[in-house]
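[1] coords please:
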Amino acid sequence: MIGKGKDLRKLDIEELIEKANILIEALPYIKKFYGSTFVIKYGGAAMIDEELKRNILQDVILLKFVGINPVIVHGGGKEISDLMKRLGKEPVFIDGHRVTDKETLKIAEMVLVGSLNKEIVALINHLGGKAVGLSGKDGNLIKAKKRLMKDKSGKSTKDVGFVGDVVKINAEIINVLNENDFIPVISPLGIDDEGQTYNINADSVASAIAAELKADKLILLTDVKGVLKDEKDPDSIIAQISEKEIKQLIKEDVIKGGMIPKVEACLNAIEGGVKRAHILDGRIPHTILLEIFTDKGIGTLIRSE
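    Predicted coordinates:
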């Protein structure tokens, strides 16, 4: 019995030493990013699975407690479609964009602002952080305009309704929240000069906010491992890639489909002054911490030239 007790004690100490080594590995990154701003686009499976949701938001809270200013921009496309179907309205998409009439816009606002935003804020507060929920309409945070989609010829446009593009980010309210140790949680709705509301792609909103804040990092959480050399091989992840290399892979049709708007959001952020952009698999527990605070990382880092 004494021998077994000694073995267990040794095992406990080894586990504690391993935990200490993890903290030591993270230390230079904590020092490097202290006082910086990370804009995190939160969406996909990490918003649906309860355990993943807690893991992601615990990561965000930890970032705040080690001196980083996280800003969350959340999506909600699946939830909007689910509510539409329950209300007897079938979602319609054109070139990946939801056709958003007045009724659909009301549903989107109900889901994004009235439901999801409040749930995220409540969970952060419950887990020990301090969060405040915003939409792009609050404080004129996101000024928007109607999106005009062109067909392949580039001559005529397709009307997708109240879908918008970001015109300007008024970041004053974000800065006030950051300075007072709150985590801003932002839903991707914008408003134009006439007071019309628009639903905006969350990746685009996160990119624009990151550029306006001159954030150190833009982090996009997705349901894939990152940018892949071969979309059929999930292990062909590209750990680091430059702007120039991304543009070449798009031309070669290696990067295609739903990944294109994500990498374009990253490129726009970098061109706007963001230092680094990351595409991470939100299905991996504590994916943000693994990418930011370990030597190897687990996603795709996009850097400027």
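[2] Following the chain onward from whichever strand or helix holds Val166, which element is next?
    According to DSSP states H and E, Val166 maps onto strand 164-169. Where DSSP H and E defines the elements, the next helix or strand beyond strand 164-169 is helix 172-179.
[3] List of residues touching that next one?
    37, 69, 71, 132, 134, 138-139, 141, 183-184, 186, 209, 213 (C-beta atoms under 8 Å, 6 or more residues apart in numbering). C-beta: built from backbone N, CA, C; applies to glycine.
[4] Among those residues, name the least confidently predicted one.
    On pLDDT alone, Gly139 ranks lowest of those, at 92.
[5] ok, and what's touching the strand holding Val166?
    Residues contacting strand 164-169 (C-beta under 8 Å, 6+ apart): 141-147, 190, 192, 198-200, 204-205, 208-209, 211-212.
[6] Produce a ChimeraX select command limited to the buried residues of these.
    Those of those that count as buried under 16 or more other C-beta atoms under 10 Å are selected in ChimeraX with:
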select :141,142,143,144,147,190,198,199,200,204,205,208,209,211,212
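[7] now the helices for the stretch 101-250 of the chain?
    102-109, 117-126, 172-179, 202-213, 243-251 (DSSP state H, counting those that start in this stretch).
[8] can you tell me which of those helices comes nearest to Lys262?
    helix 202-213 (5.7 Å; C-beta to C-beta).
[9] just checking, what packs against that closest one?
    Counting contacts by 3 or more C-beta pairs under 8 Å, 6 or more residues apart in numbering; DSSP states H and E, helix 202-213 is packed against strand 37-42, strand 69-74, strand 164-169, helix 172-179, strand 217-222, helix 259-271.
[10] Show me what counts as buried in the fourth one.
    Read it as helix 172-179. Ile173, Ile174, Leu177, Asn178.
[11] And the third one, how close does it get to Ile56?
    Using C-beta to C-beta, to the nearest Å, one obtains 19 Å as the distance from Leu177 to Ile56.
[12] Report the buried members of the contacts of helix 172-179.
    Thr37, Asn69, Val71, Val132, Leu134, Asp138, Leu141, Ile183, Pro184, Ile186, Ile209, Leu213.
[13] isn't the second one right next to Thr37, touching?
    Yes - with contact defined as C-beta atoms under 8 Å, Asn69 and Thr37 form a contacting pair (4.5 Å).
[14] Give me the nearest residue to Val224, chain neighbours excluded.
    Nearest non-adjacent residue to Val224, counting by C-beta to C-beta, 6 or more residues apart in numbering: Asp281, 6.3 Å away.
[15] Serialize the buried residues of helix 172-179 to a markdown table and add fields for pLDDT and distance to Asp235.
    As requested, these are exported to a markdown table (pLDDT from 0 to 100; distance: C-beta to C-beta, whole Å):
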| residue | pLDDT | distance to Asp235 |
| --- | --- | --- |
| Ile173 | 95 | 42 |
| Ile174 | 97 | 38 |
| Leu177 | 97 | 40 |
| Asn178 | 95 | 38 |
